[in-house]
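Q: Give the three-dimensional model of this entry:
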Amino acid sequence: MENKTAPLIKVKRTLQSYSIDVVAGSLATGLFAVKWCGVTMQPAWWFILAIAVWIIYTADHIIDSLSKKETSLIYRHKIHYVFKYRLMALVIVSGISALLLSVIFLDKKTLLAGTVLGFVVFLYLIAVSISGKKAAYFFKEFFIALIYVAGIWLSPLINSQNKMSMPTVALLFVFVLLVLAEGLTVSVYEMDMDKADNQKSFALKYGAAATNNFVVAVLLLAFAISLYFVLKLSDSHKRYFFVITSIMDVMLSGLLVFKKYFKKGNRYRSLGETVFWLPAIIVWL
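A: Purely as a prediction, here's the structure:
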């Protein structure tokens, strides 16, 4: 009997492999950031954000794919190697398009900030490439979290008339912790494949038990901060932002509690990425 869900599973796998789910999460988090900062971003900024996130993740996957090439056990690495030249060409075209959109539509301060961040991303990709050829471990999960959050929040913060308040700093910190927790949890789920593909990860460096304990500490800290501001903030609307991060935190905790369930069919990747779609609900609150 034909499996009717097979085409949907294939589509989902493809979208995940090409980081489309990550791009969707970045746009959802972008809505969250824009609403918190009380700004309206130009339509071009949304396209630039989506393109930039896709370029970073695609370039990162291409670099990782060079380790085991087409024999990689990790599907996203395998297809990034098989189609590396097409993807490289698309990365170049997308990068030029994003640059042109930035120069034409973005204001000078946003363009300058984006240029600085772009340079940081370039240094990150070089560091990843170099570390892949050496025995030393590069804490890429942490840097991905920083770059992801900075890339989304930088422009809304620059264009905001509000100063960097304590709740704003706390919200940024919580998001870094959540992205870090997701990345570290995935590294545990993919330990065997990473080892077979000669990839480096936090979990392989420090072990599954230590990584899980660290993730628990990260999630507890993020939840404590979120709960504190839910109770402390006098602005009821602002509280909703921390309510959402609290829910995201609890959902990510499920990856630690129900490992057998989420291991099947790579469900851990589905939940891990779609958690970052949740911030978009702030539009209706």
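
Q: helix/strand/coil for Leu255?
A: helix (DSSP: H, G, I helix; E, B strand; the rest coil).

Q: and if you look at the one 5 residues further on?
A: Per three-state DSSP, the secondary structure class of Lys260 is helix.

Q: Counting neighbours, what do you get for the nearest residue to Thr71 once chain neighbours are set aside?
A: Computed as CB to CB, 6 or more residues apart in numbering, the closest residue to Thr71 that is not its neighbour in sequence is Lys78, at 7.7 Å. (Glycine included, C-beta is placed from N, CA and C.) Look at Lys78: counted by other CB atoms under 10 Å, it has 18 neighbours.

Q: Can you list the neighbours in contact with the helix or strand where Lys78 lies?
A: Assigned by DSSP states H and E, Lys78 falls within helix 75-82. Residues outside helix 75-82 that contact it (CB atoms under 8 Å, 6 or more residues apart in numbering) are 13, 16-18, 58, 61-62, 64-72, 87, 197, 199.

Q: separation between the residue nearest to Thr71 and Met193?
A: 11 Å (CB to CB, to the nearest Å).

Q: Show the contacting residues for the closest residue to Met251 other than its chain neighbours.
A: Spatial nearest neighbour of Met251, chain neighbours left out: Val275 (5.0 Å); criterion: CB to CB, 6+ apart. When contacts are counted by CB under 8 Å, 6+ apart, Val275 touches 25, 178, 182, 248, 251-252.

Q: and with 6 Å instead?
A: 248, 251-252 (CB atoms under 6 Å, 6 or more residues apart in numbering).

Q: Let's test this: name the helix or strand in this structure with the lowest mean pLDDT.
A: When the helices and strands of the chain are scored by mean pLDDT, DSSP states H and E, helix 6-17 comes last with a mean of 82.

Q: Buried residues of that one, list them for me.
A: 12-13, 16-17 (16 or more other CB atoms under 10 Å).

Q: hang on, isn't Asn159 packed against Val39?
A: Yes - using CB atoms under 6 Å, Asn159 is in contact with Val39, at 4.6 Å.

Q: The two: who's more crowded?
A: Higher neighbour count among Asn159 and Val39: Asn159, with 19 against 16, using other CB under 10 Å.

Q: got the CA coordinates for stretch 272-285 in PDB?
A: Below are the C-alpha coordinates for stretch 272-285, written out as PDB (Å, rounded to 0.1, in the frame of the first residue of the first chain):
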ATOM      1  CA  GLY A 272      13.700  22.700  16.800                       C
ATOM      2  CA  GLU A 273      13.200  25.100  13.800                       C
ATOM      3  CA  THR A 274       9.400  25.600  14.000                       C
ATOM      4  CA  VAL A 275       9.800  26.800  17.600                       C
ATOM      5  CA  PHE A 276      11.200  29.900  16.000                       C
ATOM      6  CA  TRP A 277       8.100  30.500  14.000                       C
ATOM      7  CA  LEU A 278       6.200  31.000  17.200                       C
ATOM      8  CA  PRO A 279       7.300  34.700  17.700                       C
ATOM      9  CA  ALA A 280       5.100  35.600  14.700                       C
ATOM     10  CA  ILE A 281       2.000  35.300  16.900                       C
ATOM     11  CA  ILE A 282       3.000  38.600  18.500                       C
ATOM     12  CA  VAL A 283       1.300  40.200  15.500                       C
ATOM     13  CA  TRP A 284      -2.100  39.100  16.800                       C
ATOM     14  CA  LEU A 285      -1.500  40.000  20.400                       C
END
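
Q: Could you check how far it is from the centre of its chain?
A: Its chain's average C-alpha position is 13 Å from that of stretch 272-285, according to CA atoms, centre = their mean, to the nearest Å.

Q: Which stretches in this structure count as helices?
A: Secondary structure of the chain, counting by DSSP state H: helices at 6-17, 20-37, 43-65, 75-82, 84-105, 108-131, 140-159, 166-189, 191-196, 202-206, 208-232, 236-257, 259-263, 267-274.
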